[in-house]
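Colleague: Provide a 3D model corresponding to the input given below.
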Amino acid sequence: MTNSLNETPRANRLHIGIFGKRNNGKSSLINAITGHNTALVSEVAGTTTDPVYKSMEIHCIGPVVLIDTAGLDDVGKLGGLRVERTREALSRSDIALFVFVDQPDMELEWLKDINKTKTKLVTVINKADNLENIESLKENIKSLTGQQPVVVSAQNKSGIKELIAAITRSIPDDYDQRGLTDGLVEAGDTALLVMPQDLQAPKGRLILPQVQTIRELLDKKCLVFCCTADSLDGMLQTIPAPKLIITDSQVFGEVYEKKPPSSRLTSFSVLMAASKGDIEQFIKGAKAIDGLTAGSRVLIAEACTHAPLTEDIGREKIPAILKKRFGQNIKIDIVSGNDFPADLAAYDLIIHCGACMFNRRYMLARMSQAAAQQTHICNYGIFLAHTTGILDKIAF
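Modeller: Presented below is the predicted three-dimensional model:
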């Protein structure tokens with residue numbers, strides 16, 4: 001997690017995954033693209049195990065995350081687990097670079113998955129200085145993918161400029177998700193941020209959604225005011241009618257009761273829901289809350305990993321709300337980080353965090369997985385707005 005106003009958070013960067021068989025030179029290709037020894041390189045097949053995420057700046061592209069993955073042909077029990085991690089990395093990738101050094105075989109299944117998910121694809125033939133029958137390989141790849149592969153040699157850096165140009169042309173139009181406050185404020189508007197500083201806020205710092213929101217509002221030339229929940233009354237005497245109030249979802253009810261009638265109200269988590277995911281799917285999922293029973297099963301999913309805290313919203317507060325309303329026997333499972341069950345059909349509802357640590361593509365992939373298994377999903381802010389009774393009164 002980053003709290004610097006000048007650093008692009010990893011989740012907001014263009015994610016470029018590099019895929020291919022073991023020893024196809026994926027790590028060497030990363031080093032050639034970046035001009036640095038970014039990735040560990042070895043002639044031993046299988047050097048890269050778990051996906052490695054590298055935040056970099058690439059000339060003509062800007063801030064990116066390069067994902068170095070294990071070989072698609074990794075073998076054994078551990079190899080199978082590595083391939084699964086590689087598949088997860090694909091769901092995070094805005095662009096997939098597929099690296100070939102021989103005729104495609106097991107890549108065919110992966111190429112089909114890329115086509116289904118509409119991931120932008122760039123095909124690359126590496127080790128061109130050591131390959132024979134390159135023309136035949138180019139024609140075969142083109143017939144499978146409909147695109148001319150870029151021929152490179154990571155070792156001598158040939159073709160790298162052409163590869164960067166191909167990546168630039170493949171940047172998805174929607175990778176840079178909508179702004180957090182788009183459509184809610186304009187230059188000169190007053191925004192009030194209500195930010196309780198509880199145990200989840202690191203000492204001396206703000207949490208990432210707060211930092212991102214403040215930076216965006218400043219970029220939009222808004223007048224930004226901040227306070228904690230216990231100083232809201234005094235702040236509203238200073239600025240009696242802010243255009244927009246953005247609060248922590250945990251104090252939705254308190255802030256709603258005090259807000260001026262002319263002020264629009266939302267929360268950091270709701271803004272994240274609209275920016276990172278499909279807000280309409282989240283709202284539909286929230287309405288499923290009313291259908292839960294004492295025998296229901298709920299999954300709470302957190303994007304970040306941290307030690308549980310006594311005031312934790314996902315591990316303490318939301319479960320307490322569910323148990324108070326539906327009884328102590330309601331089943332609640334909690335996962336964090338990359339952990340997310342493949343089988344979601346057993347759950348009546350998924351309640352996801354704001355996903356500030358995920359890129360939009362990965363959050364949408366999780367939502368698509370839930371939709372495919374007919375499992376409702378909402379996020380923390382939408383859940384709390386609904387249970388507070390103000391979901392139809394908030395802005396997003």
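Colleague: run through the strands of the stretch 251-396 of the chain in chain order.
Modeller: With strands called from DSSP state E, counting those that start in this stretch, the stretch 251-396 of the chain shows them at 264-267, 297-302, 331-336, 349-352, 376-379.
Colleague: any idea how far Val83 is from Lys77?
Modeller: Lys77 is 11 Å from Val83, where distance means Cβ to Cβ, to the nearest Å. Where you see a C-beta, it was placed from the backbone N, CA and C, and this is true even at glycine.
Colleague: then Asp129?
Modeller: Using Cβ to Cβ, Asp129 is found at 29 Å from Val83.
Colleague: between those two, which has more neighbouring residues?
Modeller: Val83 (19 against 11; other Cβ atoms under 10 Å).
Colleague: what helix or strand is that one on?
Modeller: Val83 is part of helix 76-92 when elements are defined by DSSP states H and E.
Colleague: packing partners of the helix or strand following that helix?
Modeller: Elements were assigned by DSSP H and E; along the chain past helix 76-92, the next helix or strand is strand 95-100. Helices and strands touching strand 95-100, by 3 or more Cβ pairs under 8 Å, 6 or more residues apart in numbering; DSSP states H and E, are strand 14-20, helix 26-34, helix 107-117, strand 120-125, helix 160-169.
Colleague: now do 6 Å
Modeller: strand 14-20, strand 120-125 (3 or more Cβ pairs under 6 Å, 6 or more residues apart in numbering; DSSP states H and E).
Colleague: run me through the strand neighbours of the first one, direction for each.
Modeller: Going back to what we said before, that points to strand 14-20. With DSSP bridges as the test, strand 14-20 is paired with strand 62-68 (parallel), strand 95-100 (parallel).
Colleague: can you tell me the SS state at Arg178?
Modeller: coil (DSSP: H, G, I helix; E, B strand; the rest coil).
Colleague: count the residues that sit near the residue lying closest to it once chain neighbours are set aside.
Modeller: Closest residue in space to Arg178, ignoring its immediate chain neighbours: Ser275 at 5.6 Å, by Cβ to Cβ, 6 or more residues apart in numbering. Other residues within reach of Ser275, judged by other Cβ under 10 Å, total 24.
Colleague: hmm, Ser275 is touching Leu180, no?
Modeller: Yes: shown here, Ser275 and Leu180 form a contact pair, counting by Cβ atoms under 6 Å, at 5.2 Å.
Colleague: relative to Lys317, how far out is Lys324?
Modeller: Distance from Lys324 to Lys317, counting by Cβ to Cβ: 11 Å.
Colleague: between these two, point out the one with more neighbours.
Modeller: Ranked by neighbour count (other Cβ under 10 Å), Lys324 and Lys317 place Lys317 first, with 15 against 10.
Colleague: ok, that one - contacts?
Modeller: Shown in contact with Lys317 (Cβ atoms under 6 Å, 6 or more residues apart in numbering): no residues.
Colleague: and the closest residue to Pro260 other than its chain neighbours, what element?
Modeller: Closest residue in space to Pro260, ignoring its immediate chain neighbours: Ala241 at 4.7 Å, by Cβ to Cβ, 6+ apart. Assigned by DSSP H and E, Ala241 belongs to no helix or strand.
Colleague: where does Ala241 fall, phi/psi-wise?
Modeller: Ala241 adopts backbone torsions of phi -150, psi 70, taken as degrees, to the nearest 10.
Colleague: what's around it, how many residues?
Modeller: The local packing of Ala241 (other Cβ under 10 Å) involves 12 other residues.
Colleague: same question for Asp333.
Modeller: So Asp333, with other Cβ under 10 Å, has 13 neighbours.
Colleague: please name the nearest non-neighbouring residue to it.
Modeller: Nearest to Asp333 is Leu299, by Cβ to Cβ, 6+ apart, at 5.1 Å.
Colleague: OK, contacts around the one you found?
Modeller: By Cβ under 6 Å, 6+ apart, the residues touching Leu299 are 333, 347, 350.
Colleague: so, low pLDDT: which residues of this structure?
Modeller: Within the chain, the ranges that satisfy pLDDT under 70 run 1-9, 36-50, 176-177, 198-203, 305-311.
Colleague: give me the contacts around the helix or strand encompassing Leu137.
Modeller: Here Leu137 sits within helix 134-145, counting by DSSP H and E. Helix 134-145 is contacted by residues 103, 123, 148-149 when judged by Cβ under 6 Å, 6+ apart.
Colleague: turn these into a markdown table, columns for neighbour count.
Modeller: Below are the contacts of helix 134-145 laid out as a markdown table (neighbours: other Cβ atoms under 10 Å):
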| residue | neighbour count |
| --- | --- |
| Gln103 | 11 |
| Thr123 | 23 |
| Gln148 | 12 |
| Pro149 | 23 |
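Colleague: need the max-distance pair from these.
Modeller: Pairwise distances across the contacts of helix 134-145 peak at 16.5 Å for Gln103 and Gln148 (criterion: Cβ to Cβ).
Colleague: could you measure from Gln147 over to Lys284?
Modeller: 37 Å.
Colleague: over to Ala301?
Modeller: The gap separating Ala301 from Lys284 is 17 Å, by Cβ to Cβ.
Colleague: which one of the two has more residues nearby?
Modeller: Neighbour totals were compared for Ala301 and Lys284, and Ala301 leads with 23 against 15 (other Cβ under 10 Å).
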